[in-house]
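Chemist: Give me a 3D structure for the following:
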Amino acid sequence: MGERMGKWKELKKILLLAFKIAVGSSTAICIAQELQLEYAISAGTITLLTLLATKWGTVKLSAFRLVTFMIAVATVWAVCVHIDSLWLGYGMFIFITVFIAETMGWRTTISVNSVVGAHLLTSHSFTRASIRNELLLVVIGISIAFLLNLFHDNANREKDMIADMRRTEKKLQAAMRGLAACLSNGQLRQDGLDEICGLKEEIHVFLKEAYEFQENTFQSHPGYYIDYFEMRQGQCDILHSLYLEVEKIRSMPKQAGMIADYMLYLADFVVEINEPSRQLERLRALFQSMEKEELPKTRAEFEARAMLYHVLMDLEKFLDFKSQFVKGLDVSQLEKYWN
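Modeler: Below is the predicted model of the structure:
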């Protein structure tokens, strides 16, 4: 079910992008034709190349393209003055363009500048009219892309992310209870580790989508979702380590039951709205109780007890991830997401 939903979400994103590019490119060409610009179809290409960026990426890319436009024009002029051969001149132009773009970190501007250069080199014209023609093509292309990239299905994407948060919490709770059952009866579910590894892959995807959401919204604090999934990613890594540690315990000492009870208690608090100070206090009390227990008498008992202490320390790290997440929230985030 989850996999089908993931594929459907991805398909919707692709369909929306394809629709925006088709509409935007066609509109840009239509406007360029109405203005009787030469190479009008290039306005559609510029729109396509710009729309492939995110909302914030479009803003930055548009600014870079306008800045580098005059650099491209000056480069073409310098090449044409010294080189008559079209193919040799274009090669020299591309060399200079790529060198400047890579040096300045503007690789994404190369494609459009190469289109501008090709037009000017082909026409071999550097009149105000020809330069104005190329500038208008760029302005039309990036303007249409900017306007269309203002429209994103952010409301539904945010709902999807919230659903992904709940899904992650339920899976972490199930993993925690599975570990508790193992500490109680000494039997570790064979598919438990596979489920944790699968969840790690899912969270990686959720985190990627959170970054995309941040780049496609002008909200004041979209980074909340990134911080949340990074926190859950860290907790998932801890549970992965716990599974590996518990597997190494050959015979469960009686103290394992105390930790199992605590883990069952903790699983109920693996939710978004929870500050883990009480869970940390109870964990410290459990540490103290363990210290009062009778010392192990055999090597096997000593090793098992040491592994249990490792489990407790990992649980403390698990809670620290949530504690640090909560401490990183400002007042506006607490009001928006926790009220």
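Chemist: Met307: neighbouring residues, count only.
Modeler: 18 (other CB atoms under 10 Å). Quick note: C-beta positions are derived from backbone N, CA and C, even for glycine.
Chemist: where does the residue nearest to it when sequence neighbours are not counted fall, helix, sheet strand or coil?
Modeler: Computed as CB to CB, 6 or more residues apart in numbering, the closest residue to Met307 that is not its neighbour in sequence is Ile249, at 5.0 Å. Classification of Ile249 using DSSP: H, G, I helix; E, B strand; the rest coil returns coil.
Chemist: Same question for the one 4 residues further on.
Modeler: In three-state terms, and counting by three-state DSSP, Pro253 is coil.
Chemist: mind checking how far it is from Leu37?
Modeler: Distance of Pro253 to Leu37, computed by CB to CB, to the nearest Å: 81 Å.
Chemist: what does Ser26 give?
Modeler: Relative to Leu37, Ser26 is positioned 15 Å away (criterion: CB to CB).
Chemist: Of the two, give the one with the bigger neighbour count.
Modeler: Leu37 (19 against 13).
Chemist: List the residues that contact that one.
Modeler: 43, 133, 136-137 (CB atoms under 8 Å, 6 or more residues apart in numbering).
Chemist: quick one: which of those residues is nearest Val115?
Modeler: Closest approach between these and Val115, by CB to CB: Leu137, at 8.1 Å.
Chemist: What is the burial count for the closest one?
Modeler: 30.
Chemist: Was I right to think Asp314 contacts Leu242?
Modeler: Yes - Asp314 lies in contact with Leu242 (CB atoms under 8 Å); the separation is 5.3 Å.
Chemist: neighbour-wise, which of the two wins?
Modeler: Per other CB under 10 Å, whichever of Asp314 and Leu242 has more neighbours is Leu242, with 23 against 16.
Chemist: got a list of what the more buried one touches?
Modeler: If a contact means CB under 8 Å, 6+ apart, then Leu242 has 179, 311, 314-315 as its contacts.
Chemist: What distance do you get for Trp8 to Leu15?
Modeler: Trp8 sits 10 Å away from Leu15, taking CB to CB as the criterion.
Chemist: Model confidence score at the residue nearest to Met307, please.
Modeler: pLDDT recorded at Ile249 is 72.
Chemist: Would you mind measuring from it to Val311?
Modeler: In terms of CB to CB, Ile249 sits 9 Å off from Val311.
Chemist: Would you mind identifying the next helix or strand past whichever strand or helix holds Gly91?
Modeler: Element membership for Gly91, per DSSP states H and E: helix 86-104. Once the chain leaves helix 86-104, the next helix or strand it forms, by DSSP H and E, is helix 110-123.
Chemist: next one: the next helix or strand after that following helix to chain centre, how far?
Modeler: Scanning forward in sequence from helix 110-123 by DSSP H and E, the next helix or strand is helix 128-148. Centroid separation for helix 128-148 versus its chain: 31 Å, with CA atoms, centre = their mean, to the nearest Å.
Chemist: what residues does helix 128-148 touch?
Modeler: 20, 23-24, 27-28, 31-32, 35, 37-40, 42-47, 49-51, 53, 58-59, 61-62, 65-66, 69, 73, 112, 116, 119-120, 123.
Chemist: how about the CA coordinates for the helix holding Gly91, as PDB?
Modeler: The C-alpha trace of helix 86-104 is given here as PDB (Å, rounded to 0.1, in the frame of the first residue of the first chain):
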ATOM      1  CA  LEU A  86      31.700  29.300 -37.400                       C
ATOM      2  CA  TRP A  87      32.600  25.900 -35.800                       C
ATOM      3  CA  LEU A  88      35.900  27.200 -34.500                       C
ATOM      4  CA  GLY A  89      34.300  30.400 -33.100                       C
ATOM      5  CA  TYR A  90      31.500  28.400 -31.400                       C
ATOM      6  CA  GLY A  91      34.100  26.100 -29.900                       C
ATOM      7  CA  MET A  92      36.000  29.000 -28.500                       C
ATOM      8  CA  PHE A  93      32.800  30.600 -27.200                       C
ATOM      9  CA  ILE A  94      31.800  27.500 -25.400                       C
ATOM     10  CA  PHE A  95      35.200  27.100 -23.900                       C
ATOM     11  CA  ILE A  96      35.100  30.600 -22.400                       C
ATOM     12  CA  THR A  97      31.500  30.300 -21.300                       C
ATOM     13  CA  VAL A  98      32.000  27.000 -19.600                       C
ATOM     14  CA  PHE A  99      35.200  28.100 -17.900                       C
ATOM     15  CA  ILE A 100      33.600  31.300 -16.500                       C
ATOM     16  CA  ALA A 101      30.400  29.400 -15.400                       C
ATOM     17  CA  GLU A 102      32.300  26.600 -13.700                       C
ATOM     18  CA  THR A 103      34.700  29.100 -12.000                       C
ATOM     19  CA  MET A 104      31.700  31.200 -10.700                       C
END
